[in-house]
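Trainee: structure of the sequence below:
(one chain, ligands or ions: 1)
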Amino acid sequence: MLIREQVALAPFTTLGVGGPARYFVEVHSEAEVIEGVEFARSRQLPLFVLGGGSNLVIADEGFAGLVLKVAISSLSSPTPPHENVIFTAGAGLDWDTLVAQSVDANCAGLECLSGIPGTVGGTPVQNVGAYGQEVSETIREVRVLDLRSLQVQILSNAECGFTYRTSIFNTTDRDRYIILQVSFALQHGGKPSIRYADLQKFFATYAGDPTLVEVRAAVREIRHRKAMLIVPGDEDARSAGSFFKNPIVSQSFFEELVAHVELRGLQLPSYPAHDGFRKLPAAWLVEHAGFSKGYGKGAAGISRRHALAIVNRGGATAADIIALKDEIQAGVLKEFGIELQPEPVLVGF
Ligand SMILES: Cc1cc2nc3c(=O)[nH]c(=O)nc-3n(C[C@H](O)[C@H](O)[C@H](O)COP(=O)(O)OP(=O)(O)OC[C@H]3O[C@@H](n4cnc5c(N)ncnc54)[C@H](O)[C@@H]3O)c2cc1C
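Mentor: The predicted structure is shown next:
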């Protein structure tokens, strides 16, 4: 295990901003994870767990502790046919590799989550979701190192406390666990999920039932159009994905807002959320607060193909990204009375 010093972190992120890590180590086994943690503890260093760096903004000053990059990349699954096939993947495995393998094995449950960058271990953290699926629907259990006891534990799906873009890993137990491995229960021979409007539109003129492979390809195609698929050289894809979560508001607030936007001749889109609440598309709020696709000054801007993605057009600093984030948040607050919450994790600020 090689612990390096003053390692630039920007190249380990999709946004490509941020300063160095004081110490940096890539760990390939559970034993190495524990060794890394003990190194940090022996020097009283703060610890940051890095996956694929696709949901991060790292400060220009970097991180004054140990960055532990989880690279455990095992993958096992029983041979189909079994109705429920359990795929067990190391936290460091590339997420889309798992999706591709599950689809190739004719197992349903992850096909709509294709093309999301990052690692398997990153997905439970914010209960990754897209095109009508969330990992909470298929995660069976999560194997973790509990940093309080330094013991390895298995957390059931229920113990992970999943809701929209939320789990115990990014709320109540933030920084308590290192995710080592995740198991997914997938359905062999199951039908693909085509619940989301964009996907339904894609297959509207299609004769017959699309297969899992075709749905995965469609998701990637739709994501590519929105620059939500990382393609080398695509400036609009140099982002941390959607920068803001879709806000969830009470019914009474929603009704007030509907009346407010009607005065501007606009119709507010919304979706049902839990307990009678409404979910609002953050992209609509951003655009109607005056921040259209392509907006930006200098190296930080809004993607030309996705109103929610803040992009590094080349040479942006973390300060540039945060200044644009602040400007958008202030604009949406002023126009709609809603404080948008960032989705990426801010590190070292
Ligand atoms: C182009 C693009 C499109 C995207 N599309 C989507 C989308 O459709 N839906 C969606 O939900 N997200 C999306 N994202 C966001 C991101 O890809 C996901 O959140 C992803 O799961 C993050 O995983 P990661 O391995 O890159 O985590 P990182 O960015 O490295 O880390 C994110 C957080 O997870 C923690 N973490 C990572 N690994 C571990 C581990 N092993 N143990 C404990 N904590 C860990 C980190 O400490 C940090 O707090 C997109 C991002 C990009 C750039």
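Trainee: keeping just the C-alphas, turn the longest helix along the chain into PDB.
Mentor: Using DSSP state H to define each element, the chain has its longest helix at helix 318-336. In PDB, the C-alpha atoms belonging to helix 318-336 read as follows (Å, rounded to 0.1, in the frame of the first residue of the first chain):
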ATOM      1  CA  ALA A 318     -13.500  25.600  -7.300                       C
ATOM      2  CA  ALA A 319     -14.100  29.200  -6.300                       C
ATOM      3  CA  ASP A 320     -15.500  29.900  -9.800                       C
ATOM      4  CA  ILE A 321     -17.900  26.900  -9.500                       C
ATOM      5  CA  ILE A 322     -19.100  27.900  -6.000                       C
ATOM      6  CA  ALA A 323     -19.600  31.600  -7.100                       C
ATOM      7  CA  LEU A 324     -21.900  30.400  -9.900                       C
ATOM      8  CA  LYS A 325     -23.700  28.000  -7.500                       C
ATOM      9  CA  ASP A 326     -24.200  30.900  -5.100                       C
ATOM     10  CA  GLU A 327     -25.500  33.200  -7.900                       C
ATOM     11  CA  ILE A 328     -28.000  30.600  -9.000                       C
ATOM     12  CA  GLN A 329     -29.200  29.800  -5.500                       C
ATOM     13  CA  ALA A 330     -29.700  33.500  -4.800                       C
ATOM     14  CA  GLY A 331     -31.600  34.000  -8.000                       C
ATOM     15  CA  VAL A 332     -34.000  31.100  -7.400                       C
ATOM     16  CA  LEU A 333     -34.500  32.200  -3.800                       C
ATOM     17  CA  LYS A 334     -35.400  35.700  -4.900                       C
ATOM     18  CA  GLU A 335     -37.700  34.600  -7.700                       C
ATOM     19  CA  PHE A 336     -39.400  31.600  -6.100                       C
END
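Trainee: show me what that helix is packed up against.
Mentor: In terms of contacts (3 or more CB pairs under 8 Å, 6 or more residues apart in numbering; DSSP states H and E), helix 318-336 is packed against strand 56-58, helix 251-262, helix 282-288, strand 300-302, strand 309-312. Yep, even glycine has a C-beta here, placed from its N, CA and C like the rest.
Trainee: let's see that with 10 Å instead.
Mentor: strand 56-58, helix 251-262, helix 282-288, strand 296-297, strand 300-302, strand 309-312, strand 345-347 (3 or more CB pairs under 10 Å, 6 or more residues apart in numbering; DSSP states H and E).
Trainee: averaging pLDDT over each of those, which comes out lowest?
Mentor: Lowest mean pLDDT within those: strand 296-297, a mean of 84.
Trainee: sorry, back to before: any chance of TSV for the helices and strands packed on helix 318-336, columns mean neighbour count?
Mentor: Below are the helices and strands packed on helix 318-336 laid out as TSV (neighbours: other CB atoms under 10 Å):
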stretch	mean neighbour count
strand 56-58	26
helix 251-262	14
helix 282-288	21
strand 296-297	14
strand 300-302	24
strand 309-312	27
strand 345-347	17
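Trainee: show me where this protein has its helices.
Mentor: Assigned by DSSP H, the helices in the chain fall at 30-42, 95-104, 197-202, 212-225, 251-262, 282-288, 318-336.
Trainee: closest to residue 171 out of the ones you listed?
Mentor: helix 282-288 (19.1 Å; CB to CB).
Trainee: so is that closest one next to the ligand?
Mentor: No: if you take CB under 6 Å from any ligand atom as the test, helix 282-288 misses the ligand, and the best it gets is 12.5 Å.
Trainee: check which helices and strands that helix sits against.
Mentor: helix 251-262, strand 300-302, helix 318-336.
Trainee: alpha carbons of it, as CSV, please.
Mentor: Taking Å, rounded to 0.1, in the frame of the first residue of the first chain, the C-alpha atoms of helix 282-288 are listed here in CSV:
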residue,chain,number,x,y,z
ALA,A,282,-35.0,22.2,-10.0
ALA,A,283,-34.0,22.7,-13.7
TRP,A,284,-37.3,24.5,-14.4
LEU,A,285,-36.7,26.8,-11.4
VAL,A,286,-33.2,27.6,-12.5
GLU,A,287,-34.2,28.4,-16.1
HIS,A,288,-37.1,30.5,-15.1
